[in-house]
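Trainee: Curious how this folds, go ahead:
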Amino acid sequence: MDSKNREVLRLAIPAIVTNITVPLLGLVDTLITGHLGRTAYIGAVSVGATLFNMIYWNFGFLRMGTSGQTAQAFGRQDHEEMAGALFRSLFFAMLFSGLIWLLQWPITTLAFRLMDTTPEVEENALRYFRICIWGAPAILGLYGLKGWFIGMQNTKYPMVIAVTINVVNILASLLFVYGLEWKVEGVAYGSLIAQYVGLVTALLLWCYKYKVYWRYLNFKHAMRKSELSGFFKLNGSIFLRTLCLNAVMSFFTFAGAHQGEVLLAVNVLLMQLFNLFSYFTDGFAYAGEALVGKYTGAKDNAGIKDSIQLIFIWGVRLVVAFTVIYAVGAQPFVRMLTDQEAVREAATSYYGWVLLVPIAGVSAFLWDGIMVGATAIKPMVYATAAACATFFVLYFSFHSLLGNHALWLAFIIYLAVRGLVQTGMRRRVEV
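Mentor: Numbering: from 1, shown residues only. Okay, here's the model as predicted:
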């Protein structure tokens, strides 16, 4: 194996481990609520999580923008900008957290008017939301720290942080739900505690290895007009792209909720399979962020091209592996997650859509990482906007004929369009 391939794997493998813990946590939450005896609990945690996605995904630029800017500063060996990129990210993370706290009540009021869930699902989802919302500073702060570590070519620290968060979350949730019988509230408190444990862990790791960068931090440089202009220009584009992603993913849950608790639960369970693939593939996307960003900063076109080629070779391997895994294991997977027979039976007609997820989604995920590293954000915005429009046109065109299948059709085409548009604009990555 050549040195560049080893470099890709050195970054990708810890990132994969990091990302696998995310769907595993969702699976455990689903497993816990799926065996509490009420289908509404599955939907409540999903709806509550969707509310947070509506909020936090809009601030995903704190991770992606920080990663790209830091990686390019790393390639130039610009220590002052490396320190400045982290400071700006954490400063705005705390600022936006306060804004989220101030707006939590109108957010929930509007969201539940749009979702039209059953009263039991809404009541439990609100309980979940009103506990987890206090974790905003920890979550947004971790966005910035994780992006900074990736930009510094270090995916091991995000792995340690993610594993710590998930172990604490799972243990706390099990204790609160089964030990103290707190049900949905137990899952929420487990998440809240784990988020702050993760933030403390991240700060301790930074102090252990990177505290030398404190001497390079120039507050005036980090917050001067030109730096802030670049920060908002880059992250404003990422924000627009995230709004499109958020619209699709939120609508996916809302549309399921409108079709009743059983189909809502089916969509929640099968989306766990989508998450397994997307987070796994994102491991190589993060490697793309780090490497392409570094080579962009160093103005090394050969390094950029070699990195992209290797990342996509691994992407093809993932497509083959996950297609086989889903063909064999999708049904046993769903049966493991819930003992609700109505949900198990309804899920059987949707397994075909799951098989299309890897081939439809791989290019979108990998190009996202590459574009972030190059800070070539416009192709991501164009691709996501086109895919978002396609999603809604297809859904509303075929919903009356296909019902919930129209939702899955629109989603698969949405993934494919994102990848195709970015592939067509790949020259934007060159320096």
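Trainee: okay, and for this protein, where does confidence drop off?
Mentor: Filtered on pLDDT under 70, the chain yields the residue ranges 1, 22-31, 33-44, 46, 50, 53, 114-120, 222, 430-431.
Trainee: and Tyr157, what is it in contact with?
Mentor: Phe149, Ala202, Leu205, Lys209 (CB atoms under 8 Å, 6 or more residues apart in numbering). Backbone N, C-alpha and C define where each C-beta goes, glycine included.
Trainee: Am I right that the second one is in contact with Tyr143?
Mentor: No: counting by CB atoms under 8 Å, Ala202 does not reach Tyr143; the two are 10.5 Å apart.
Trainee: Select from the contacts of Tyr157 every entry located in helices.
Mentor: Residues of the contacts of Tyr157 located in helices (DSSP state H): Phe149, Ala202, Leu205, Lys209.
Trainee: what's the burial count for the second one?
Mentor: Taking other CB atoms under 10 Å as the neighbour definition, Ala202 ends up with a count of 24.
Trainee: And the third one, by the same measure?
Mentor: Other residues near Leu205 number 19, with proximity taken as other CB under 10 Å.
Trainee: Quick check: the gap between it and Arg63.
Mentor: Using CB to CB, to the nearest Å, we find Leu205 at a distance of 16 Å from Arg63.
Trainee: just the first one next, same as before
Mentor: With the distance defined as CB to CB, Phe149 ends up 10 Å from Arg63.
Trainee: same check, this time on the last one
Mentor: Shown here: Lys209 relative to Arg63, a distance of 19 Å by CB to CB.
Trainee: Show me which of these two is the more surrounded one.
Mentor: Shown here are Lys209 and Arg63; by other CB under 10 Å, Arg63 has more neighbours (26 against 12).
Trainee: Report the contact partners of the more buried one.
Mentor: Tyr143, Gly144, Lys146, Gly147.
Trainee: next SSE after the strand or helix carrying the second one?
Mentor: Right, the one you point to is Gly144. Element membership for Gly144, per DSSP states H and E: helix 136-151. Going down the chain from helix 136-151, the next helix or strand is helix 156-174, by DSSP H and E.
Trainee: report the angle between the axes of that following helix and helix 136-151?
Mentor: Going by axes from the mean of the first three to the mean of the last three CA atoms, to 10 degrees, helix 156-174 is angled at 150 degrees with respect to helix 136-151.
Trainee: and stretch 419-431, how far out from the chain's middle?
Mentor: 22 Å (CA atoms, centre = their mean, to the nearest Å).
Trainee: er, stretch 176-187 I mean
Mentor: 26 Å.
Trainee: measure that stretch end to end?
Mentor: 7 Å (CA to CA, to the nearest Å).
Trainee: now the strands: where do they sit in the stretch 1-150 of the chain?
Mentor: Using DSSP state E, counting those that start in this stretch, the stretch 1-150 of the chain contains no strands.
Trainee: Please report phi then psi for Thr338.
Mentor: The phi and psi values for Thr338, taken as degrees, to the nearest 10, are phi -150, psi 150.
Trainee: Now for it, how many residues are close by?
Mentor: Taking other CB under 10 Å as the criterion, the count of residues near Thr338 is 22.
Trainee: surely it meets Val262?
Mentor: No: Thr338 lies out of contact with Val262 (CB under 8 Å); the separation is 10.6 Å.
Trainee: who's in contact with the closest residue to Gly144 other than its chain neighbours?
Mentor: Nearest residue to Gly144, sequence neighbours excluded (CB to CB, 6 or more residues apart in numbering): Ser89, at 3.2 Å. Neighbouring residues of Ser89 by CB under 8 Å, 6+ apart: Leu62, Gly65, Thr66, Tyr143, Gly144, Leu145, Gly147, Trp148.
Trainee: Need the buried ones from those selected in PyMOL.
Mentor: For the buried members of the contacts of Ser89, the matching PyMOL selection, counting by 16 or more other CB atoms under 10 Å, is:
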select buried, resi 62+65+66+143+144+145+147+148
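Trainee: Of the contacts of Ser89, which pair is most distant in space?
Mentor: For the contacts of Ser89, the maximum inter-member distance is 13.3 Å, found between Gly65 and Leu145 (CB to CB).
Trainee: okay, now the residue lying closest to Asn246 once chain neighbours are set aside: neighbour count?
Mentor: Counting by CB to CB, 6+ apart, Trp57 is the residue found nearest to Asn246 once chain neighbours are left out, at 4.7 Å. Trp57: 16 surrounding residues under other CB under 10 Å.
Trainee: Can you give me the neighbour number for Val324?
Mentor: 12.
Trainee: same check, this time on Pro14
Mentor: Residues near Pro14, counting by other CB under 10 Å: 22.
Trainee: wait, doesn't it sit right on Gln153?
Mentor: No: using CB under 8 Å, Pro14 is not in contact with Gln153; the gap is 11.1 Å.
Trainee: Pull the contacting residues for the closest residue in space to Asp78 that isn't next to it in sequence.
Mentor: Spatial nearest neighbour of Asp78, excluding adjacent residues (CB to CB, 6+ apart): Gly297 at 7.9 Å. By CB under 8 Å, 6+ apart, Gly297 lies in contact with Ala71, Gln72, Ala73, Phe74, Gly75, Arg76, Asp78.
Trainee: Identify the residues contacting the second one.
Mentor: With contacts defined as CB under 8 Å, 6+ apart, the neighbours of Gln72 are Gly151, Gly293, Lys294, Thr296, Gly297, Gly373, Thr375.
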